[in-house]
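*Asks:* Pasting the sequence and the predicted model now:
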There are 2 protein chains.
Amino acid sequence: MGMKCIGVDVRGTSVKMGIFETTGELLDKWEVKTRKEENGKYILPDVAASIREKVSAMGLDLKTDIAGAGLGVPGPVMPDGSVEVCVNLGWKNVNPQKELSALLDGIPVKSGNDANVAALGEMWQGGGKGYDNLVMITLGTGVGGGVILDQKIVAGRHGLAGEIGHIHVRDEEKEYCNCGGQGCLEQICSATGIAREARRKMAASETASVLRQYGDNVSAKNVLDAAKEGDELALEVMAVVSHYLGLALSQAALIADPDIFVIGGGVSKAGQFLIDMVQKDYDHFMTISKNKARLGLATLGNDAGIYGAARLILQ
Amino acid sequence: MGMKCIGVDVRGTSVKMGIFETTGELLDKWEVKTRKEENGKYILPDVAASIREKVSAMGLDLKTDIAGAGLGVPGPVMPDGSVEVCVNLGWKNVNPQKELSALLDGIPVKSGNDANVAALGEMWQGGGKGYDNLVMITLGTGVGGGVILDQKIVAGRHGLAGEIGHIHVRDEEKEYCNCGGQGCLEQICSATGIAREARRKMAASETASVLRQYGDNVSAKNVLDAAKEGDELALEVMAVVSHYLGLALSQAALIADPDIFVIGGGVSKAGQFLIDMVQKDYDHFMTISKNKARLGLATLGNDAGIYGAARLILQ
């Protein structure tokens, strides 16, 4: 029986945890509530207690059977693993990897930003398995990203690497993004963005569309489902989304040039339909070379974070 | 007396060479003609003979005093150092690092793409000295780039990393770039691009300008000189150039997030005037964080290639 490693994905409402073989096999996963009271001071003790309980229930010994634990944090993580501010958890100036290690008899603990950690998970056992260089784009409520080169997270000197959702892509955008900019990729290609594009298209044209039944409550899923059925207005919306997504991928390809792009998040449930659309636009912007990163789908869903966190410890 | 290393920058008309202390001090530099006849078969033997001559003239011994030689090649270099095609030199399916090593009694030789190697040179002893993570943008006849993370070149899985000149930035561009695309950064921000923007602005307006005396022969230098003097039309041209350059820097910052951007090439002779303009546009696109890569000027000029090539051998 080889060493195991533990992945911890700290989120706003729950902390997901998994115990893995160092070869990548998930043995068990579970979660606990994220107690954010008093600046999140209970979060790491809760995590440590839960890990101790699980390890002991599996008949394992923390010091001899566990190679270490990795920790995905929903915010910027400095190169030494410290976190200056994590609004979602209430943390300020903590070093969660040091603290968790101390709570777990000194086993190695490493932390990283959650989006970067998810990308590492997809590289290890997900849509990027078998590749050393990957850029992940997560199309959820927002647009997140992670850059992996040589099997390692590129966090960036200021924690900004992989912040692909905030690349400016549309000059004519008048609304503001959460980041303070205008015309960010996230404003168009997130689930929120897709729904907004659909509302705008409905308001701007008279084209008949199944989307009109939803009115202002139209969702990204409505748009993708309708586009798959050939709805003209939904296809127009997705053409815009795909255009900017293909553009952003080409930018990443001409800067970091990975083996593969992995598309994840709720919007990626549209599957190969989405990939085929984006591929066309990406190709359009990559006339420089036929030989370039391929596109693929994320496969780990919400587990990408625990996989990637566990993988952190194997570097 | 410590070991020395040699940097070789192979260009279309001449091969530049330098011998360095491993601490980065340039001891001597020289060049030989690039003999491109017969698919460039004489180039590496010429280089080897010239290095032997120099080493011997300096009273050094190839095997005991030279740590190795690095080689910058004007084209894509595969991870094993091989070159499939190098149009500029006539090379096809050669492994210049293997060949040059064999010609130099087996001393270590490493090769890399010239733009990437120049970026490494600027990191070592130029505008990026003291930083481990740098993105260089070279504004010359074209727009080249190089990405350095953790003091190492990011060449990319398909040799496309740092091809920042071919990022699509302008949708309304009708002319084609050499890469086959439309609206590449290079079409606007290269010396050629700046001159073209000036011709377009002159044709499209009646604004009086000192640039009009040059007519269709207006150069990027004319534009920059006039802009510095406050010429309205030249400032309009540079506002466009700076806008797209700031945009491209923000894209690179949100993907690779280096410590510093180093701007080089002929256009960068405009100095701090250019940096100040671009800084404003870059800041505009980086609302996400005040804490981000700074901008600086390249300082090694045409020697960046020999510095970077020599540095290749010290990794």
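*Replies:* Received, thanks. This structure is a prediction, so every number in the text was calculated from the model and none was measured.
*Asks:* Where does the closest residue to chain B within the stretch 101-250 of chain A sit: helix, strand or coil?
*Replies:* Closest residue of the stretch 101-250 of chain A to chain B, C-beta to the nearest C-beta: A:G156 (2.5 Å). To be clear about C-beta, it is placed using only N, CA and C from the backbone, and glycine gets the same treatment. Here A:G156 takes the coil state, with states given by DSSP: H, G, I helix; E, B strand; the rest coil.
*Asks:* do A:R199 as well
*Replies:* Applying three-state DSSP: A:R199 is helix.
*Asks:* CA atoms only for stretch A:214-227 - export them in CSV, please.
*Replies:* The C-alpha trace of stretch A:214-227 is given here as CSV (Å, rounded to 0.1, in the frame of the first residue of the first chain):
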residue,chain,number,x,y,z
TYR,A,214,-38.1,33.2,-20.9
GLY,A,215,-38.0,37.0,-21.2
ASP,A,216,-35.5,38.6,-18.9
ASN,A,217,-35.0,35.3,-17.0
VAL,A,218,-33.3,33.7,-20.0
SER,A,219,-30.3,31.6,-18.9
ALA,A,220,-27.1,30.5,-20.6
LYS,A,221,-28.5,26.9,-20.6
ASN,A,222,-31.6,28.1,-22.4
VAL,A,223,-29.4,29.8,-25.1
LEU,A,224,-27.2,26.7,-25.6
ASP,A,225,-30.2,24.3,-25.7
ALA,A,226,-31.9,26.6,-28.3
ALA,A,227,-28.7,27.0,-30.3
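*Asks:* thinking again about what came up before, surely the residue of the stretch 101-250 of chain A closest to chain B and A:G146 touch.
*Replies:* No. Look at A:G156 against A:G146 with C-beta atoms under 8 Å: they stay out of range, at 10.6 Å.
*Asks:* how about the helices of the stretch 151-300 of chain A, start to end?
*Replies:* In the stretch 151-300 of chain A, the helices defined using DSSP state H, counting those that start in this stretch lie at A:186-189, A:191-204, A:220-228, A:232-255, A:272-285.
*Asks:* How much space separates the residue of chain A most remote from its centre from A:A226?
*Replies:* Using C-alpha atoms, centre = their mean, the residue of chain A lying farthest from its centre is A:E206. It sits 36.6 Å away. With the distance defined as C-beta to C-beta, to the nearest Å, A:E206 ends up 17 Å from A:A226.
*Asks:* Please apply the same query to A:Y176.
*Replies:* Going from A:Y176 to A:A226 by C-beta to C-beta gives 28 Å.
*Asks:* Which residue of these two possesses the greater neighbour count?
*Replies:* Neighbours of A:Y176 and A:A226, each counted by other C-beta atoms under 10 Å in any protein chain shown, are more numerous for A:A226; the result is 22 against 13.
*Asks:* Can you pull the residues of the stretch 101-250 of chain A lying near chain B?
*Replies:* A:133, A:135, A:147, A:149, A:154-164, A:166-168, A:177, A:179-181, A:247, A:250 (C-beta under 8 Å from any C-beta of the partner chain).
*Asks:* Which helix or strand in chain A has the lowest average pLDDT?
*Replies:* strand A:83-86 (a mean of 88; mean pLDDT, DSSP states H and E).
*Asks:* and that one, what other elements does it pack with?
*Replies:* strand A:91-94 (3 or more C-beta pairs under 8 Å, 6 or more residues apart in numbering or on different chains; DSSP states H and E).
*Asks:* What is the subsequent helix or strand relative to the strand it packs on?
*Replies:* Downstream of strand A:91-94, the next assigned helix or strand under DSSP states H and E is helix A:96-103.
*Asks:* So what touches the following helix or strand past that next one?
*Replies:* Using DSSP H and E, the helix or strand that follows helix A:96-103 in sequence is strand A:109-113. Strand A:109-113 has contacts (C-beta atoms under 8 Å, 6 or more residues apart in numbering or on different chains) with A:68-77, A:81, A:83, A:96-98, A:100-101, A:120, A:146, A:153, A:155, A:159, A:162, A:308-309, A:312-313, A:315.
*Asks:* what do you get for stretch A:52-64?
*Replies:* A:K4, A:M17, A:I19, A:L27, A:D28, A:W30, A:I51, A:D65, A:I66, A:L104, A:D105, A:I107.
*Asks:* What is the end-to-end distance of it?
*Replies:* Distance between the two ends of stretch A:52-64: 13 Å, counting by C-alpha to C-alpha, to the nearest Å.
*Asks:* Kindly report the domain assignment for chain A.
*Replies:* Using automatic domain parsing, the domain parsing of chain A gives A:4-122+A:303-312, A:130-299.
*Asks:* Ok, which of the ones you listed comes nearest B:I43?
*Replies:* Counting by C-beta to C-beta, B:I43 lies closest to domain A:130-299 out of the domains of chain A; the figure is 25.0 Å.
*Asks:* I'd like the average pLDDT over that closest one.
*Replies:* Average pLDDT, domain A:130-299: 96.
*Asks:* tell me how far that domain is from the chain's mean position?
*Replies:* Here domain A:130-299 is found 13 Å from its chain centre; the criterion is C-alpha atoms, centre = their mean, to the nearest Å.
*Asks:* Could you do stretch A:101-108 as well?
*Replies:* On the basis of C-alpha atoms, centre = their mean, stretch A:101-108 sits 27 Å off its chain's mean C-alpha point.
*Asks:* coming back round to it: partner strands of the least confident helix or strand of chain A, parallel or antiparallel?
*Replies:* Partners of strand A:83-86 in the sheet, by DSSP bridges, are strand A:91-94 (antiparallel).
*Asks:* Next, the buried residues of the strand it pairs with.
*Replies:* Residues of strand A:91-94 classed as buried: A:W91, A:V94 (neighbour count, 16 or more other C-beta atoms under 10 Å in any protein chain shown).
*Asks:* can you list contacts of that strand?
*Replies:* Contact with strand A:91-94 is made by A:N39, A:G40, A:I43, A:G75, A:S82, A:V83, A:E84, A:V85, A:C86, as judged by C-beta under 8 Å, 6+ apart.
*Asks:* Send me that strand as CSV with only the CA atoms.
*Replies:* What follows is strand A:91-94, C-alpha atoms only, in CSV (Å, rounded to 0.1, in the frame of the first residue of the first chain):
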residue,chain,number,x,y,z
TRP,A,91,-9.3,35.6,5.8
LYS,A,92,-6.7,38.4,6.2
ASN,A,93,-3.0,37.8,6.3
VAL,A,94,-3.1,34.1,6.9
